[in-house]
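A.B. asks: Take this sequence and fold it.
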Amino acid sequence: MKNQHYLTLIFTIMLMTIGLQAQTYNSNAGGYNGGYGQVYQSFGLAQATISMQQNTQMQIQKLMMQQAMEKKFGKAAVAKVQSGSNTKTATKGPAFFTPVSKSDNFKIIADSVGQDAEQRTLFKQLFSEAKKGFDAEMAPKGRKNNLAAAMTFFIASTVTVYNDDPEPSDEATENLFQALTAMYEETPGMTEVPNRDKQFLHDAFVSFSAIPLTFYMAAKEKDDAEMMKLAKVTAGALLLEILKINPNDVRFEGSTLKLKTAPSSNEAPQNTAPQQTSSGYGITKFTTTFDDGWVATPLSDYVDVEKDGVEVRLYFPDARIDGNRPQNTNNFEPYYWDVFVKSSFNVKQAFVREKEQYSMGQSDNYEAAATDKQTGKSRYVGMGLAFFNGSCWTIVVNAPDRKTYYSMFPNDSSLKQMLNYNKFGVAQEDLIGKWSSFDAASIQFYNIYSGDLAGMATASTNDSFVFYGNGTYQSEHAGTSTFRGSLAHGKSNYRGTFRANDWNLTLSNRGANDPGEFSSQFEAVKGGFMLNLVSKKFSGMKMSLYKVKQ
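C.D. replies: Next up, the predicted model:
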C-alpha cells in the first residue's frame, strides 16, 4: 500500500469505476453485488488447489492470532524464511510460481464480478493496472510472483479499509508476510500446485484488493460518506468470502494483525454485525453463537457450524449436483459421499453404524476413519442426508476422533438436528425492499449453477411484503392460503409500521385480534437468504419469503 505509483494508477481508473456504484451496490440489501465466491469455479482450479485454498483459509486464522513469528515457528524458522524471500537470488519456496506465458486471469475475474459488458471491461482494466503497480512494488524486494506477498497485500488492504484505519506499519506487514510464507512452507501438497493455479490465486488476491481500495480512495478524496460505506461493505464481504474471517474481529495493532478472542461457549445466541457480507450474504448479522456453544457462519456453498474442534458443514441443495445423482435407486449415499467427503479426505472403508443405534429414516449415515488431504491429520468423518421436496441437504461432520464423533452424534436424528443451526438474526435494515413467497419469476436468489430456485417448493399462496426505509410496510396475502391458520380464498391487505430485532418482528395494523408479533429468522440457501416468519398467536401462520428483484 505504500507504493504511490501503484495508488496513482488505481486512482486514475477510479474515475471510470465511480459510475459503477449505482449498478454494483444493492440499495435494498445494502450489499455489494460481487461474484467473489464464483471466481474460483469460473477459472476451473484443480480440486487439489481448491482444497489447498480452503485449508489455507483455516490456517490463516490461527496464524494471525500469534503475537510474533518466534512463538509459532521459532527464531531459526524465521531466519530461514527471511533468507529465502528477501532477495531475488535466494532459494524460492512454494509460495513462488513461474508465470504461464498466456493468462487471461483478469478477464475471468472481471467477468465474474462485473454485471454487464461495460463493468467487465472497466474491472479488467482496473485489475491489470493494479497488477502492474503491485509487481513494480514487489520486484525490488524479490517478492514478485509470490502468493504470500499477494495475500499480505489483500489482508492489509481489506482490513485497513474496513476499519478506516491508518496503513499498517512496515513491521506489521513484514510480520504478516513472514507468517504467511511459513504457512505455505508447511502446507502439504503446496509444491505440487500447478503454476497456473498459483498465478490465478495471486491475481485474484491483487484484483480483490483493488476494488475496495478504489472506492476508499474516492471516499477520502470527495469526503463521500456513501462511498465510504461502499468501500467498507466491499472490504468486509471479501474478508468473509475469501478468507472466512469476520471483518469485525480483525485489526492491525502495532506490529501484529490480531483477531478477537472467540466468544465463550456458554453465551446465549448473539450476532456479530459487520457492515455487510458479499453478494447473496445481504444481511447484517451473519454469525450466530448459540447457548450450547455451536457457532454458525454462512459461506458460499454451506453453513459452517463449529464447536470444540468439531466442524459440521451443512451443504446447500444444489440443482446441478442433485441432477447428476444416479437414477432408479434410492441409495444416494455413495454418490454424495464421493462428492462432498472424498474430495477433502482420504477415507478408509466407509460403513453404516449398527442399525439398532439409529432410528429408521430416509437415508443411512455413512462414517469412516479418514485423513485430511491437506493437513495430513487423522480425523473421523460422517455424512447424513436430508431430503426436502426432492432437494438434498448434505451434512458432513469432521471430528478429531471416533469417540468425539459418537459422543456428539449418537444417532441419525442428532446429526440431522444440526440443520436447526442454520438461523441468523434479522436487523431492521435487512428487510428494506420487497419479499414474496410465490412470484418465482422475480425471486432474487437462484442456484448459481442452473438458475433454479434453491430449496423452494411450489406454493398455492402469495404472501408479499414491502418494507420501506422509513419504518413502514405494506403486505398482501392472496390465493388459496393457510393465512391465520385456516384455508381461505381471496386477498388481504395491510399497512403499518414495523420493528425488527434479531429474532422478533412486530407489524402494526394487522387487525383487531392480531398483535402482529412474529418469530423471525434468516435461513441461508444457495446464493442468499430466506426470511422465515411464524406468527406468535396463530400457530398455522408460517411464511417463507425470498427477496424480489426491483
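
A.B. asks: where do the helices sit along the stretch 201-350 of the chain?
C.D. replies: Per DSSP state H, counting those that start in this stretch, the stretch 201-350 of the chain carries helices over the ranges 225-243, 319-323, 333-340.

A.B. asks: Could I get the full set of strands for the stretch 451-550 of the chain?
C.D. replies: For the stretch 451-550 of the chain, applying DSSP state E, counting those that start in this stretch gives strands covering 461-467, 472-481, 488-502, 504-507, 517-525, 528-535, 542-547.

A.B. asks: Deepest in the core, which of the helices of the stretch 201-350 of the chain is it.
C.D. replies: helix 225-243 (a mean of 24; mean count of other Cβ atoms under 10 Å). Using the backbone N, CA and C atoms, a C-beta is placed for each residue, glycine as well.

A.B. asks: Dump it to PDB, restricted to CA.
C.D. replies: This file holds the C-alpha atoms of helix 225-243, laid out as PDB (Å, rounded to 0.1, in the frame of the first residue of the first chain):
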ATOM      1  CA  ALA A 225     -20.000   9.000   3.300                       C
ATOM      2  CA  GLU A 226     -21.900   6.800   0.900                       C
ATOM      3  CA  MET A 227     -18.800   5.900  -1.000                       C
ATOM      4  CA  MET A 228     -17.000   5.100   2.300                       C
ATOM      5  CA  LYS A 229     -19.800   2.800   3.300                       C
ATOM      6  CA  LEU A 230     -19.500   1.000  -0.100                       C
ATOM      7  CA  ALA A 231     -15.700   0.600   0.400                       C
ATOM      8  CA  LYS A 232     -16.200  -0.900   3.900                       C
ATOM      9  CA  VAL A 233     -19.000  -3.200   2.700                       C
ATOM     10  CA  THR A 234     -16.800  -4.500  -0.100                       C
ATOM     11  CA  ALA A 235     -13.800  -5.000   2.100                       C
ATOM     12  CA  GLY A 236     -15.900  -6.800   4.800                       C
ATOM     13  CA  ALA A 237     -17.500  -9.000   2.100                       C
ATOM     14  CA  LEU A 238     -14.200 -10.000   0.700                       C
ATOM     15  CA  LEU A 239     -12.700 -10.900   4.100                       C
ATOM     16  CA  LEU A 240     -15.600 -13.100   4.800                       C
ATOM     17  CA  GLU A 241     -15.900 -14.800   1.400                       C
ATOM     18  CA  ILE A 242     -12.300 -15.300   0.500                       C
ATOM     19  CA  LEU A 243     -10.700 -16.000   3.900                       C
END
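
A.B. asks: Could you pull up the mean pLDDT of that helix?
C.D. replies: Averaging pLDDT along helix 225-243 gives 78.

A.B. asks: quick one on the thing from earlier: relative to Gly540, which of the helices of the stretch 201-350 of the chain is closest?
C.D. replies: Closest to Gly540 of the helices of the stretch 201-350 of the chain, according to Cβ to Cβ: helix 319-323, at 30.0 Å.

A.B. asks: quick one: low-confidence ranges for this protein?
C.D. replies: For the chain, the stretches with pLDDT under 70 are 1-91, 188, 244, 246, 259-282, 354-363, 389, 438-461, 478-490, 549-550.

A.B. asks: Lovely, talk soon.
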